[in-house]
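> Following is a predicted model, sequence given first.
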Amino acid sequence: MKIKSTEIVDTFAEAFKMYGSRVIITAETKEWAMAAAQSITGFATSVIGCKCEAGIEAEIATEDSPDLRPGVSVLFFAMDAESLGKRLVERIGQCVMTCPSTACYNGIDEGTAVTVGGQLRYFGDGYQSSKVMADNKFWRIPVMDGEFLIDNSFNVQKSVGGGNILILGKNQKATLKAASAATKAMRQLKDIILPFPNGVVRSGSKVGSKYKSLIASTNHAYCPTLRSVIKNTELDEGINSVLEIVIDGLNIEAVEEAMRVGMTAAAKPGIKKISAGNYGGNLGQYHIKLHELIGAK
Amino acid sequence: MALKLKLHTQPDVPLEVDCISPDRLQSLSNSEISKQTIFHGNRQVNLGDFFDCIGDFDNEIIIEGDCSNIKHIGTAMSFGQITIEGDVGTHTGAVMSGGEINIEGSGADWLGAEMLGGRITVKGDAGHMVGSAYRGSAQGMQGGEIIVHGNVRNEMGHAMRRGLIAVGGNADDFAGVNMLAGTIIVLGDMGIRTGAGMKRGSIICQNIIDILPTFSRSCDYQPSFLRQYYKYLKSMGLTINDSFLDGPFERWCGDSVELNRGEILLYAGK
């Protein structure tokens, strides 16, 4: 089946059960909130090498933010709740508490609580103080520009990581253009992030390697430079560039909607096919079928 | 449908009705409720001698009539809602641990004394010792919220340990005296000796007050946690001037005759 002139491959994306959390960062100005958000989501593209995956979900208008200041919401994902809690402590401590004028709040009502502010409070060296308002406990940690305010605990919930689409184009320029259009459309959605640089990854990976020390290696079946020298290439003649968009979401519905929106936006002239990455269905708990997403099988 | 208690006879002396609480009335029929023992002065009488009992309990009790001479309504309640459609007497909501009491008129002394949780909202004024410790007690209010739209009298939050007291109007003398922790916000004027003997906790004042000499001024700054409180109090119907959101506030630390870990945040934007 096709969207416009782009063929949608009859395959599925294989996604995984992860744990997710939403962190809301506010600051005196939008620029400072965004500076902290960009810092905290740095080096968080893949759990393979970064221990967590993170990205900016949305900007938050002043009237909607917990303290009526400009805000940014950030989503974090990891393979289990405990390690996600550790990442939050590390990253909020190093990237948000350090950023002038910021405050940091839990952004999820449900799930399991992990203590974050309750650990970072020790930075206050005994001068920290807590407040409880409407059953919510937060900490005031004295810092050099006043106080850093942070919720005592953040909720983590079962989530979905590794939803993806592969954009197979005739050249790099057309594929980049399609990927950019897709990420722009997907970023309008709530409850998801695109953890790779500008939302796009070119070094898609497969499980394992000929080198025993590596757990992942290049997805050679989608490398155009290898098309003539490998037997299991997935690329037809005329496909010279492939880009992947990986989606992590707080629930499967959000990931599916993001994939659908992304495919629709990416189907442009010069894009031969849109496919998805999977591991034969043996690893991930979720199989997201592309044809079902766009409404016809 | 809520359970309605309609006052049909004004008491000559104070009535003590600690049985008017969702915990005590939830499983009783109306006739059983009418037979609940209360004290009229020092004499035991039945609740039905003063109140008509109408409707069925569904987590809410509505009380009609002038209850300014009726004490201990909602004492030690742990859930549900009580709405008082007029004034109410002393000790309302004392030691309550949950649920909600809404007073359409004014409250009296010892409102929410030593309360542990839940919320009391007063549309009018309240008396002395709001959220305070009883005499001889080490701790006053230990949780929950008391929101008074009008004025309160002396010794509000005496020895309070946790929770929030917010006052839309004025507070008289000794607010937060011997406070252990918690938060007091007063949007109007405050009397003398605010925070005397406080160990920890926060008292937020929007108008100029006389600070005790045992407090020391640290800085002017913009406490971001106050924005959360103001947002919350706005949602509870209090009128918050937007200029308070941006501060600045003077931070006075004290009381140095005690731990010196408390604070008075004094709005400095005027």
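Structure received. This one's a predicted model, so the numbers in the text were calculated from it and none came from an experiment. Residues are numbered from 1 along each chain as shown, chains lettered A, B, ... in the order given.

> where in chain A is pLDDT low?
Residues of chain A meeting the criterion pLDDT under 70: A:296-297.

> make it 90
The model of chain A has pLDDT under 90 over residues A:48, A:134-135, A:279-283, A:295-297.

> How about stretch B:36-51, which residues are buried there?
The neighbour-count check on stretch B:36-51 (16 or more other C-beta atoms under 10 Å in any protein chain shown) flags B:36, B:38-40, B:47-48, B:50-51 as buried. The C-beta positions use only the backbone N, C-alpha and C, and glycine is treated the same way.

> Can you lay out those residues as JSON lines showing pLDDT, secondary structure and distance to chain A?
JSON lines is the format used below for the buried residues of stretch B:36-51 (pLDDT from 0 to 100; DSSP: H, G, I helix; E, B strand; the rest coil; distance: C-beta to the nearest C-beta, whole Å):
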{"residue": "B:Gln36", "pLDDT": "96", "secondary structure": "coil", "distance to chain A": "32"}
{"residue": "B:Ile38", "pLDDT": "96", "secondary structure": "strand", "distance to chain A": "33"}
{"residue": "B:Phe39", "pLDDT": "97", "secondary structure": "strand", "distance to chain A": "35"}
{"residue": "B:His40", "pLDDT": "96", "secondary structure": "strand", "distance to chain A": "38"}
{"residue": "B:Leu47", "pLDDT": "96", "secondary structure": "helix", "distance to chain A": "33"}
{"residue": "B:Gly48", "pLDDT": "96", "secondary structure": "helix", "distance to chain A": "37"}
{"residue": "B:Phe50", "pLDDT": "97", "secondary structure": "coil", "distance to chain A": "36"}
{"residue": "B:Phe51", "pLDDT": "96", "secondary structure": "strand", "distance to chain A": "33"}
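
> for A:Gly281, helix, strand, or coil?
Three-state assignment for A:Gly281 (DSSP: H, G, I helix; E, B strand; the rest coil): coil.

> ok, it - contacts?
Shown in contact with A:Gly281 (C-beta atoms under 8 Å, 6 or more residues apart in numbering or on different chains): A:12, A:14, A:287.

> Tell me if stretch B:234-244 is near chain A.
No. For stretch B:234-244, no contact with chain A is found by C-beta under 8 Å from any C-beta of the partner chain; the gap never falls below 9.1 Å.

> Which positions within that stretch qualify as buried?
B:238, B:240, B:244.

> in the sheet, who's paired with the spatially closest residue to B:Arg119 that is not a sequence neighbour?
Of all residues not flanking B:Arg119 in the chain, B:Glu145 sits nearest, at 4.5 Å (C-beta to C-beta, 6 or more residues apart in numbering or on different chains). Beta-bridge pairing of B:Glu145 under DSSP bridges involves B:Arg119, B:Leu164.

> What pLDDT is listed against B:Glu145?
Looking at B:Glu145, its pLDDT reads 97.

> number of nearby residues for it?
Number of residues near B:Glu145 (other C-beta atoms under 10 Å in any protein chain shown) recorded here: 26.

> go on, the one 5 residues further on?
Residue neighbour count, defined by other C-beta under 10 Å, stands at 17 for B:Gly150.

> what's the residue nearest to B:Asp173 when sequence neighbours are not counted in contact with, if anything?
Nearest residue to B:Asp173 in three dimensions, chain neighbours excluded: B:Gly191, at 3.6 Å (C-beta to C-beta, 6+ apart). B:Gly191 makes contact with B:154, B:170-175, according to C-beta under 8 Å, 6+ apart.

> same question, B:Asn207
Going by C-beta under 8 Å, 6+ apart, B:Asn207 touches B:188-190, B:267, B:270.
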